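1. Compute the structure for the input listed below.
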Amino acid sequence: MSPSFRLGNEDSWLLEQRYLIDGKEIDDSEFERSKHDIEQSSPPRVVSKQRNGWYLTPNPIHSAVRRFISKAVVILLLALGYLFIEPILSSFGIPGIGTGTIRIGLLDYPLLAVIIVPLLFAPLALRVGANFADLVHQRNFLRSAPSDPIITLLQSPTAGKALHIDVQFPERREDWGDIMLTWRVGALPPAREVVFQSLGAEISKQPPPGLTTELPHHWEIGLDDGTGGGEEAPMEHQEVRGGLFLRPMRSMEFGGQSPINDGEIVLEPPQLSWPGTVSSELIRIHWELILRIEREKGGPLLWVQPLEVGHPLESAVIDSIPTNDGRTESDTF
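-> So this is what the prediction gives:
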């Protein structure tokens, strides 16, 4: 029996596994375990389809535009607030700024609108251009994908302990630069059908609050949990089920990093006390190895390999788990 664990707290994000006997919770911290347990359950489909193999990094315009949109919205709100109080200022003899009109063609437009509206529509045009650039990038990659690296685990991975591995490349291309290696752990969303069942809702009916309808761009049942809202990743090539962009886990932590070299590579574990791999439909703790290859053009290239990590001998407890927005362009390593 793997140890129980509690990640987070009831005031924010909470992920917890407990054991009950006759309806009463038991404290399994008193049990002495002789070995590290590795669960034998098969990994969820989202791991094999969206977290295994080669991945590209999105166009940096996506991240820059998202930051720009936030600033543009602030400017818009300030302009609306100013237009609201401008009549009051005029009553005190304070002349207005930007409240005049400008003629474009046969029509007159407010001066502030001519300045602010382009700030709102320009990011949309930039994101459309970035999406088309990403599609071309994906098409070119699919035509000449590199050979998979050969990764050998020198010791059985265990939560809370260092990872010992060996990495060999059948081919190294001329445009490849530095190659870094790391591993990370995080919590994947539960299966969509289990969430609906737990909330007493039918999966074919209107989703409960906070969940969207199934998104068609994943092209396969089981790859969308209903919380992404279409904003997880840029436009993806339809020939690849699951996509070519790696989605960060919304709750995750990185372990140690190391450049690739000949011989054994040792990666330090994440600092927080995470459990090992859990692959149930409701609770999913996922570990993965990530190779980041710098390239002269096209941005970094990623190789991702899932890891089956054993549980620690004692219960894992994290008071506050790190979270992020889950968008592909915000994933940093």
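2. what sits against F68?
-> With contact set as CB atoms under 8 Å, 6 or more residues apart in numbering, F68 has these partners: P123. Heads up, the C-betas are built off the backbone N, CA and C, glycines and all.
3. isn't there a strand covering it?
-> No - counting by DSSP: H, G, I helix; E, B strand; the rest coil, F68 is not found in a strand; it is helix.
4. quick one: it from I116, how far?
-> Counting by CB to CB, to the nearest Å, the gap between F68 and I116 amounts to 13 Å.
5. next one: G8
-> 40 Å.
6. Could you do G105 as well?
-> Relative to I116, G105 is positioned 19 Å away (CB to CB).
7. neighbour count winner among those two?
-> The neighbour comparison of G105 against I116 (other CB atoms under 10 Å) goes to I116, with 17 against 6.
8. tell me the SS of that one?
-> Going by three-state DSSP: I116 is helix.
9. quick one: the helices in the stretch 1-150 of the chain?
-> In the stretch 1-150 of the chain, the helices defined using DSSP state H, counting those that start in this stretch lie at 45-50, 60-91, 111-143.
10. now for those helices, which one comes closest to Q155?
-> helix 45-50 (21.9 Å; CB to CB).
11. Now Y109: closest residue in space that isn't a chain neighbour?
-> Closest residue in space to Y109, ignoring its immediate chain neighbours: I102 at 5.7 Å, by CB to CB, 6 or more residues apart in numbering.
12. Spatially central, which residue of the protein would that be?
-> Residue closest to the average C-alpha location in the chain (CA atoms, centre = their mean): P248, at 2.1 Å.
13. Give the closest residue to that residue in space, chain neighbours not counted.
-> D331 (3.8 Å).
14. quick revisit: the residue nearest to Y109: how many residues sit nearby?
-> 13.
15. And P110, how close does it get to I75?
-> 15 Å.
16. Could you list the domains of the chain?
-> As given by automatic domain parsing, the domain ranges for the chain are 5-58+149-330, 64-140.
17. what would those look like in JSON lines with mean pLDDT?
-> JSON lines is the format used below for the domains of the chain (pLDDT from 0 to 100):
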{"stretch": "domain 5-58+149-330", "mean pLDDT": "86"}
{"stretch": "domain 64-140", "mean pLDDT": "83"}
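18. looking at these, which is buried most?
-> domain 5-58+149-330 (a mean of 16; mean count of other CB atoms under 10 Å).
19. how long is that one end to end?
-> Domain 5-58+149-330 has its terminal residues 28 Å apart, counting by CA to CA, to the nearest Å.
20. now that domain, how far from the centre of its chain.
-> Here domain 5-58+149-330 is found 9 Å from its chain centre; the criterion is CA atoms, centre = their mean, to the nearest Å.
21. Then stretch 61-76?
-> A distance of 20 Å separates the centroid of the chain from that of stretch 61-76, by CA atoms, centre = their mean.
22. Likewise for stretch 92-109?
-> Here stretch 92-109 is found 45 Å from its chain centre; the criterion is CA atoms, centre = their mean.
23. contacts for it?
-> 79, 82-83, 86, 89-90, 110-112, 114-115.
24. same thing with stretch 140-154?
-> Here stretch 140-154 has contacts from 53-54, 56, 163-171, 173, 237, 239-240, 244, 264, 289, 291, 298, 301, 303, 305, 307, using CB under 8 Å, 6+ apart.
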